[in-house]
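Novice: how does the following fold in three dimensions:
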Amino acid sequence: MTTEIPPTDWLPATGHQLHRTGVQFDAVRIAGLGGDGIAGPVIHDRSGKGCTYFLLPPGAAADYRWPPGVTVLGTGHRVGYVGVPALQGRTWPLAWRSRPTVERPFVDAAALHGALCSTPAAWTWVDTDPAGEPLPMLLLAHPEGSGMRELAARLGLAAPDAPVADLGALLTVQPGNRAVLALPAGPIALPVHASWVRLLLTRRQAALILGLDPLPRAADAPALDQYLTDALIAERLLFGHVETYGAGPCLSPVEAWPGGRNGG
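Specialist: Predicted structure coming up:
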């Protein structure tokens with residue numbers, strides 16, 4: 001049975017507390033509210049556009065070459081400060097995605113590195129369909145471009161000039177303006193805002209674009225626009241439709257994001 005560890009000098013009794021990285025832990029930060037399937041201390045910071053911190057043993061992060069868009073704070077890297085929430089009570093804007101336990105006092109660096117290197121990043125926005133009606137849009141791309149051909153094949157996406165593929169019911173809408181996309185390797189939480197979710201619930205369908213070329217996880221709206229333009233000209237985008245099968249069990253606390261194109 002998994003048991004939470006008692007409060008220590010880096011787990012506050014109430015609220016939240018800033019800690020300098022490289023002392024009690026190293027931290028790996030990614031944009032967006034993610035961390036599905038990662039055991040050990042994982043913190044969501046819901047301020048601004050949101051980010052996720054994975055707490056590793058001091059010095060563990062220095063053993064790996066992390067993918068673009070991932071920020072490492074701690075031993076052998078840039079030193080920073082990470083807010084740590086209490087295990088109970090009000091801790092806004094911080095929240096535990098996964099809590100430290102006796103068995104997992106820290107995130108396993110090798111497991112995290114493997115997950116971040118293999119999982120594609122996602123961006124969502126609203127565009128229009130050929131009839132001029134609003135349509136939820138979803139882009140998947142990998143920071144290094146790796147594994148995207150294999151993912152396309154497993155999803156059933158064909159060549160860029162082929163008819164748009166119907167990929168079936170792969171989207172789950174969950175309470176709190178949350179959305180999860182089911183992929184062959186496991187579900188991923190999507191960076192979504194409330195208007196995107198409302199439109200998805202109305203249309204029950206979204207356009208999925210899979211990019212074959214690399215795109216950093218931290219790519220902003222202008223970088224995303226340029227990526228889509230260049231990849232479309234080079235025929236490096238694959239297109240499909242995904243449907244939603246409505247509410248499901250909560251897999252990931254993805255919160256509403258501000259308007260605009262969101263990435264993570």
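Novice: for stretch 28-40, what does the pLDDT average out to?
Specialist: Averaging pLDDT along stretch 28-40 yields 82.
Novice: same question for stretch 166-185.
Specialist: Average pLDDT, stretch 166-185: 84.
Novice: give me the buried positions along it.
Specialist: Neighbour counts over stretch 166-185 (16 or more other Cβ atoms under 10 Å) mark 167, 170-174, 177-183 as buried. The C-beta positions use only the backbone N, C-alpha and C, and glycine is treated the same way.
Novice: how long is that stretch end to end?
Specialist: The first and last residues of stretch 166-185 sit 19 Å apart, counting by Cα to Cα, to the nearest Å.
Novice: for it, what is the distance to the chain centroid?
Specialist: Centroid displacement of stretch 166-185 relative to its chain, using Cα atoms, centre = their mean, to the nearest Å, is 13 Å.
Novice: before we move on, what about stretch 164-172?
Specialist: 19 Å.
Novice: all helices of this protein, in order?
Specialist: Secondary structure of the chain (DSSP state H): helices located at 109-118, 148-155, 194-203, 221-233.
Novice: which one of the ones you listed lies nearest to His241?
Specialist: helix 194-203 (10.3 Å; Cβ to Cβ).
Novice: which strands and helices sit next to that closest one?
Specialist: strand 121-128, strand 134-141, strand 165-174, strand 178-183 (3 or more Cβ pairs under 8 Å, 6 or more residues apart in numbering; DSSP states H and E).
Novice: now distance to Gly59 too, for those, in TSV please.
Specialist: Shown next, in TSV, are the helices and strands packed on helix 194-203 (distance: least, Cβ to Cβ, whole Å):
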stretch	distance to Gly59
strand 121-128	27
strand 134-141	31
strand 165-174	37
strand 178-183	32
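Novice: thinking again about what came up before, of all the buried residues of stretch 166-185, which two lie farthest apart?
Specialist: Once Cβ to Cβ is applied, the buried residues of stretch 166-185 give Leu167 and Asn177 as the farthest pair, at 22.6 Å.
Novice: relative to Ala110, which of the buried residues of stretch 166-185 is nearest.
Specialist: Out of these, the member with the shortest distance to Ala110 (by Cβ to Cβ) is Leu183, at 21.4 Å.
Novice: what's the closest non-adjacent residue to the closest one?
Specialist: In this structure, Leu183 finds its nearest non-sequential neighbour in Leu151, 7.1 Å apart by Cβ to Cβ, 6 or more residues apart in numbering.
Novice: from Tyr245, how far out is the one you found?
Specialist: Going from Leu151 to Tyr245 by Cβ to Cβ, to the nearest Å gives 21 Å.
Novice: who has more neighbours out of the two?
Specialist: Leu151 (20 against 13; other Cβ atoms under 10 Å).
Novice: sketch out the low-pLDDT regions of this structure for me.
Specialist: In the predicted model of the chain, residues 1-8, 49, 68, 246-264 satisfy pLDDT under 70.
Novice: give the residue farthest from the middle of it.
Specialist: The C-alpha centroid of the chain is most remote from Ala131, which lies 31.0 Å away (Cα atoms, centre = their mean).
Novice: picking up where we left off before, out of the helices and strands packed on helix 194-203, flag the one nearest Tyr227.
Specialist: Of all the helices and strands packed on helix 194-203, strand 134-141 sits nearest to Tyr227, with 7.4 Å by Cβ to Cβ.
Novice: picking up where we left off before, what sits against the residue nearest to Leu183?
Specialist: Shown in contact with Leu151 (Cβ atoms under 8 Å, 6 or more residues apart in numbering): Pro120, Leu140, Leu183, Pro184, Leu210.
Novice: same thing with Thr71?
Specialist: By Cβ under 8 Å, 6+ apart, the contact set of Thr71 is Val28, Arg29, Ile30, Arg78.
Novice: most widely separated two among those?
Specialist: It's Ile30 and Arg78 that sit farthest apart of the contacts of Thr71, by Cβ to Cβ, at 15.1 Å.
Novice: these two: which is more packed in?
Specialist: Shown here are Ile30 and Arg78; by other Cβ under 10 Å, Ile30 has more neighbours (23 against 10).
Novice: how near is the nearest residue to that one once chain neighbours are set aside to Asp225?
Specialist: Leaving aside its sequence neighbours, Ile30 sits nearest to Thr52 (Cβ to Cβ, 6+ apart; 5.2 Å). Plainly put, Thr52 is 25 Å away from Asp225 if you go by Cβ to Cβ.
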